[in-house]
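Participant: here are the coordinates; sequence isn't available:
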């Protein structure tokens, strides 16, 4: 690893937020240096508890995450946050990280907040996010909160490697049969009914309880999903939520699942690196041999198979040279 | 191609909606048969005008598309619609196709509507959508409308191959400086201010005009983006919108861009096929050699580079056997 990266790594290990930020930026690019960095970062024992937070738009995810950060700080824990923004500015999510930062944690050295948008990420959102989870773990953050809007393949990939998944909903939204059918209720370890000070809260809560007990929701590895009421704006229910999260952590450790999810996460990271590298070569080939590809498209009796053959043969040769 | 696919193809060419539906399902799977099908489908001259429709949630995209379908039907044109649903049930978009279908076109043989969700699509959403565009083109649909929520890489990929892109917005949303900065205004050929019967409409329209004239928006290949006011619910502005779309089509044809975008689309399709095939092999390798990968993760001094080496070498060997 080059000297600059080495120096950065040392400063990041001492908790310097700017160094951490710059290091995460290096990890956005899946190249030789980021691989070396990653290997350096994953040498120690993984310790961090990775918490995925997702849920319907408008349920108050950001405010809830902000309250959860405050609760963890009261408990003496360091918190890293990755806010995954959808690639498009059309979405409501694009300012998630800014909202979080503004809320009060900007000056707290025990909190690191980073937003991640797919724009400009060569290896894709999932790869960058997973690498950053490793980095925040290595830098000693006790809790790593990954907030996603839950839309798109990247979000699924990322939630997939969390230890504990929170699904945030709000009164009036949870009794939507369609949502249940579509599987919203399938991924959570903990369901959070936020804005529970609203009048329809009791009804939604009853409905969610029913759904949980009826087994409409899946019990991942025998964990019966919890249901927690909060009002992030009023600050109620937050300690109870943090307790439920700890309970789930205890469950994972008892079953040996805590360490196993870290391994799954790292295998996935290696796989994403491989895919990103290979995809990059394919793009390169198609770019360089565009004229030939167009010719095949225009004239060959089996153009798509012809192009596939051309690209795969070239890929094979380039792999040989790697 | 096998007999069953051949028979299906013939019935689809005669416009039988069920046969078309089943054929599109075959195209969801990137295998030898779908490649052959695709080659069959792309033999003729491409004729369809592909129109991408995107925009902020709540702007009334589905109602607008429904009105546009009706307008095209009045003009004697056949319309195919692909409604791209985000993979997650957390999003508002998941019922787009149902909403469209219910609105009135269900029994019209000149309209084909298909929704596409990434769930279960082996080769990914972009690949399936692009293949389906080729199919609808081959089956003689004059207009192919692709509706997306504009979130995620797949949406970007798909909009990328449209001839004409409509960005739908509504009063009160367009004057969001943040949206402008973030680049919402960069991709549209035509900006549609829907719900223009609302009181704030004039103000938003002025703002959008200003943005267009100030060159905040890009003029793709010299086309000055149009601005059209509609009220999809009341049915106003729809003929004007259809006219603006025709105007853009005329512009593309004049510049030779119409045919060029079809070629770009087909090169992209070939590239996505190649990537999907290679990604599939990488997944397979990681699955089959998981024990070895875990061992490398646990013990190697350079685990990630070790795993990459292992996977790429195996990939090279498998490509040789293809």
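Facilitator: Arrived safely. Keep in mind that what you see is a predicted model, and the values were worked out from it rather than measured.

Participant: residue A:276 is in contact with residue A:30, correct?
Facilitator: Yes: counting by CB atoms under 8 Å, residue A:276 is a contact partner of residue A:30 at 4.8 Å. All C-beta spots, glycine's among them, are computed from the backbone N, C-alpha and C.

Participant: looking at these two, which is more packed in?
Facilitator: For residue A:30 and residue A:276, the more surrounded residue by other CB atoms under 10 Å in any protein chain shown is residue A:30, and the numbers stand at 23 against 18.

Participant: for the more buried one, what are phi and psi?
Facilitator: When read as degrees, to the nearest 10, the backbone of residue A:30 gives phi -80, psi 80.

Participant: sec struct for the residue nearest in space to the middle of chain A, please.
Facilitator: Centrality entry for chain A: nearest residue to the mean C-alpha point is residue A:158, 3.7 Å, by CA atoms, centre = their mean. Secondary structure assignment for residue A:158 (DSSP: H, G, I helix; E, B strand; the rest coil): helix.

Participant: same question, residue A:192
Facilitator: Going by three-state DSSP: residue A:192 is strand.

Participant: so what's it up against?
Facilitator: A:55, A:64, A:166, A:167, A:168, A:169, A:228, A:229, A:230, A:241 (CB atoms under 8 Å, 6 or more residues apart in numbering or on different chains).

Participant: ok, now with 7 Å
Facilitator: A:64, A:166, A:167, A:168, A:228, A:230, A:241 (CB atoms under 7 Å, 6 or more residues apart in numbering or on different chains).

Participant: okay, now the closest residue to the residue nearest to the centre of chain A other than its chain neighbours: neighbour count?
Facilitator: Among residues not flanking residue A:158 along the chain, residue A:129 sits closest, at 5.0 Å (CB to CB, 6 or more residues apart in numbering or on different chains). Look at residue A:129: counted by other CB under 10 Å, it has 26 neighbours.

Participant: same question for residue A:241.
Facilitator: Residue A:241: 23 neighbours (other CB under 10 Å).

Participant: so it sits in a helix?
Facilitator: Yes: using three-state DSSP, the assignment for residue A:241 is a helix.

Participant: quick one: pLDDT of it?
Facilitator: The model reports residue A:241 with a pLDDT of 98.

Participant: let me see the mean pLDDT of the one helix or strand residue A:11 maps to.
Facilitator: Assigned by DSSP states H and E, residue A:11 belongs to helix A:3-13. Regarding helix A:3-13, the rounded mean pLDDT is 92.

Participant: from the contacts of residue A:192, which land in helices?
Facilitator: A:64, A:241 (DSSP state H).

Participant: quick one: the strands in the stretch 1-150 of chain A?
Facilitator: Counting by DSSP state E, counting those that start in this stretch, the stretch 1-150 of chain A has strands at residues A:49-55, A:79-85, A:111-117, A:143-147.

Participant: contacts for the second one, please.
Facilitator: Residues lying outside strand A:79-85 but in contact with it, judged by CB under 7 Å, 6+ apart, are A:65, A:69, A:72-73, A:93-94, A:96-97, A:100, A:110-117, A:125, A:129, A:132, A:136, A:141, A:143-148, A:154-155, A:158.

Participant: got it, and the last one?
Facilitator: The set of residues external to strand A:143-147 that reach it, using CB under 7 Å, 6+ apart, is A:48-53, A:61, A:65, A:68, A:72, A:77, A:79-84, A:96, A:129, A:133, A:136-137, A:158, A:162.

Participant: mark which of those are buried, thanks.
Facilitator: A:48-53, A:61, A:65, A:68, A:72, A:79-84, A:96, A:129, A:133, A:136-137, A:158, A:162 (16 or more other CB atoms under 10 Å in any protein chain shown).

Participant: got the domain boundaries for chain A?
Facilitator: A:45-255, A:271-321 (automatic domain parsing).

Participant: indicate which one of the strands of the stretch 1-150 of chain A is closest to residue A:288.
Facilitator: Set against residue A:288 and scored by CB to CB, these come closest in strand A:111-117, at 28.8 Å.

Participant: elements contacting the helix holding residue A:11?
Facilitator: Here helix A:3-13 touches helix A:17-27, helix A:32-41, going by 3 or more CB pairs under 7 Å, 6 or more residues apart in numbering or on different chains; DSSP states H and E.
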